[in-house]
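Asker: build me a model:
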Amino acid sequence: MSTQMPAVGERNVSSDLELTILMPCLNEAETLATCIAKAQSFLLRTGVAGEVLIADNGSTDGSQDIARRAGARVVDVPVRGYGAALRAGIATARGSYIVMGDADDSYSFDRIDAFLERLRAGDDLVMGNRFRGGIERGAMPFLHRYLGNPVLSWFGRLFFGSGLGDFHCGMRGFSKAAVSRLDLRTTGMEFASEMVVRATLVRLKISEVPTTLSKDGRSRPPHLRTWRDGWRHLKFLLLYSPRWLFFYPGALLVAVGTALSGLLFFGPIRIGGIGFDIRTMLVACTCLVVGIQAICFATIARRFAAELNLLPSPRLGRVIDAFTLERFVFGGAAILAIGIVGLITAVARWGEVNFGSLDVSSLLRVVALSTTAITVGAQLVFTGFLAGLMSIKQS
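Answerer: Below is the predicted model:
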């Protein structure tokens, strides 16, 4: 039997349903029936044509039978992971709209009117905001409430301009057609971040509604692991933003390194009674080399992401096209040549004293900048060829 997951957006069963209420599930026997009953009460109260869908991720506590007896449809997902379960659930959902949430009775599936209202109004993704809706005492661990969620949400706003106050809320609604175009790929907890990031990048219409978070009804610990899953979310945000991971730090290092090495090339300087000399210049040259390397990584990462359609952006495409192989190679070769000339000049100065003793400090300044130029030039040349290799289309 094949274990391949259907792609997000693949419609296995045609239907005229408006709404699918989707819950990922892994051993939620204690709370699953309650969540399904709440979801069904919403459909009954509002008269919405919908279904309750359970994406089961290999439960061993009988959750599948509980769901079927409660009247929900169950899709078995052999690939483990929160994201894998949701991707399979989205792919097999029969509703035009999907509202998803955890099956631990922490979210009120009987009060999702605001989500459906915003979806009907044309929003593509409607995020819940637990900080605006209210968090019941004991519903969210201290570190999650005051450190993890605020910090990760801040990074999301900084890196991608999402404008969301609760980047990682587990309850959210979306248009199946819109999410189908996002090509979501992750299988773990970072799926929650991927959905928001890609929706923001392709400029889907996103909104937030207040959502209440209650203390879950399970007696066992949650599947979420604070540090492991927090790191997975942060890692994902960084990987999807090469400009913040590579380019901005690199540009800062290049600016600092260029300014300091340029000033110190002409001799020692004193600032506020503190002296800076050749040792500081060596540090500045190191900053320059590392900064150029980071900018090279940013260029390669952007090109790679664009080729795989990970970071779709028309503006990004124009920027990448500007960094051609020829510009990298010719620019790098020019800097490399300057470095070689500088190194030859230093050797010639040494030869003028028959390779004897001379002003070491003065010579080291020339050697430091020359070797830095050689290193930077070589980096640019190699980066140009590597970026060119990565842009070769597969037939």
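
Asker: which strand or helix spans the residue lying farthest from the centre of the chain?
Answerer: Distance to the chain centre peaks in the chain at residue 354, reaching 58.6 Å (criterion: C-alpha atoms, centre = their mean). Using DSSP states H and E, residue 354 sits within no helix or strand.

Asker: check contacts around it.
Answerer: Listed by C-beta atoms under 8 Å, 6 or more residues apart in numbering, the contact set of residue 354 is empty. All C-beta atoms are positioned from the backbone trio N, CA, C, and that covers glycine.

Asker: what pLDDT is listed against it?
Answerer: In this model, residue 354 is scored at 70, pLDDT.

Asker: for residue 2, same thing?
Answerer: Per-residue pLDDT puts residue 2 at 37.

Asker: now do the contacts for the closest residue to residue 107 other than its chain neighbours.
Answerer: Counting by C-beta to C-beta, 6 or more residues apart in numbering, residue 101 is the residue found nearest to residue 107 once chain neighbours are left out, at 4.1 Å. By C-beta under 8 Å, 6+ apart, the contact set of residue 101 is 21, 22, 23, 35, 107, 109, 170, 171, 172.

Asker: so which of the residues you listed are in helices?
Answerer: Members of the contacts of residue 101 lying in helices (criterion: DSSP state H): residue 35.

Asker: and the contacts of residue 101, which of them are in strands?
Answerer: 21, 22, 23, 172 (DSSP state E).

Asker: and of these, the nearest to residue 242?
Answerer: Residue 242 has its nearest neighbour among the ones in strands among the contacts of residue 101 in residue 172, at 26.2 Å by C-beta to C-beta.

Asker: for that closest one, which non-adjacent residue is closest in space?
Answerer: Per C-beta to C-beta, 6+ apart, closest to residue 172 is residue 127, 5.0 Å.

Asker: tell me who's in contact with the one you found.
Answerer: Contacts for residue 127 (C-beta under 8 Å, 6+ apart) come out as 164, 166, 167, 169, 172, 196, 206, 207, 208, 209.

Asker: distance to residue 188, secondary structure and neighbour count for these - can I get that in a markdown table?
Answerer: A markdown table is the format used below for these (distance: C-beta to C-beta, whole Å; DSSP: H, G, I helix; E, B strand; the rest coil; neighbours: other C-beta atoms under 10 Å):
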| residue | distance to residue 188 | secondary structure | neighbour count |
| --- | --- | --- | --- |
| 164 | 20 | coil | 20 |
| 166 | 20 | coil | 24 |
| 167 | 16 | coil | 24 |
| 169 | 17 | coil | 24 |
| 172 | 17 | strand | 24 |
| 196 | 15 | helix | 23 |
| 206 | 22 | strand | 19 |
| 207 | 26 | strand | 19 |
| 208 | 24 | strand | 22 |
| 209 | 26 | strand | 21 |
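
Asker: following the helix or strand of the chain with the lowest mean pLDDT, which helix or strand comes up?
Answerer: Least confident helix or strand, the chain: helix 314-322 with a mean of 55, by mean pLDDT, DSSP states H and E. Using DSSP H and E, the helix or strand that follows helix 314-322 towards the C-terminus is helix 325-351.

Asker: on contacts alone, who are the packing partners of that next one?
Answerer: Packing partners of helix 325-351 (3 or more C-beta pairs under 8 Å, 6 or more residues apart in numbering; DSSP states H and E): helix 360-390.

Asker: tell me which residues of the helix it packs on are tucked away?
Answerer: Residues of helix 360-390 classed as buried under the neighbour-count rule (16 or more other C-beta atoms under 10 Å) are 364-377, 379-381, 383-384, 386-387.

Asker: could you do stretch 289-298 as well?
Answerer: By 16+ other C-beta under 10 Å, the buried positions in stretch 289-298 come out as 289, 291, 292, 293, 294, 295, 296, 297, 298.

Asker: and if you look at stretch 46-61?
Answerer: For stretch 46-61, a neighbour-count test (16+ other C-beta under 10 Å) marks 48, 50, 51, 52, 53, 54, 55, 56, 57, 59 as buried.

Asker: where does the prediction get shaky in this structure?
Answerer: For the chain, applying pLDDT under 70 flags the ranges 1-15, 217, 220-226, 306-323, 353, 355-361, 391-395.

Asker: which residues touch the residue nearest to the spatial centre of the chain?
Answerer: Nearest residue to the geometric centre of the chain (C-alpha atoms, centre = their mean): residue 237, 2.6 Å. Going by C-beta under 8 Å, 6+ apart, residue 237 touches 152, 155, 156, 159, 193, 197.

Asker: could I get those residues in a markdown table, plus columns for secondary structure?
Answerer: As requested, these are exported to a markdown table (DSSP: H, G, I helix; E, B strand; the rest coil):
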| residue | secondary structure |
| --- | --- |
| 152 | helix |
| 155 | helix |
| 156 | helix |
| 159 | helix |
| 193 | helix |
| 197 | helix |
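
Asker: sorry, back to before: reformat the contacts of residue 127 as TSV; add distance to residue 241.
Answerer: Output for the contacts of residue 127, formatted as TSV (distance: C-beta to C-beta, whole Å):
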residue	distance to residue 241
164	15
166	19
167	13
169	21
172	21
196	13
206	17
207	23
208	21
209	26
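
Asker: out of those residues, the closest to residue 305 would be?
Answerer: For the contacts of residue 127, the nearest to residue 305 is residue 196 (17.0 Å; C-beta to C-beta).

Asker: before we move on, back to that, of the contacts of residue 101, just the buried ones, PyMOL syntax please.
Answerer: Here is the PyMOL command that selects the buried residues among these (16+ other C-beta under 10 Å):
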select buried, resi 21+22+23+35+107+109+170+171+172
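
Asker: would you turn the contacts of residue 101 into JSON lines with distance to residue 95?
Answerer: Converted to JSON lines, the contacts of residue 101 look like this (distance: C-beta to C-beta, whole Å):
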{"residue": "21", "distance to residue 95": "8"}
{"residue": "22", "distance to residue 95": "9"}
{"residue": "23", "distance to residue 95": "13"}
{"residue": "35", "distance to residue 95": "17"}
{"residue": "107", "distance to residue 95": "18"}
{"residue": "109", "distance to residue 95": "14"}
{"residue": "170", "distance to residue 95": "19"}
{"residue": "171", "distance to residue 95": "16"}
{"residue": "172", "distance to residue 95": "14"}
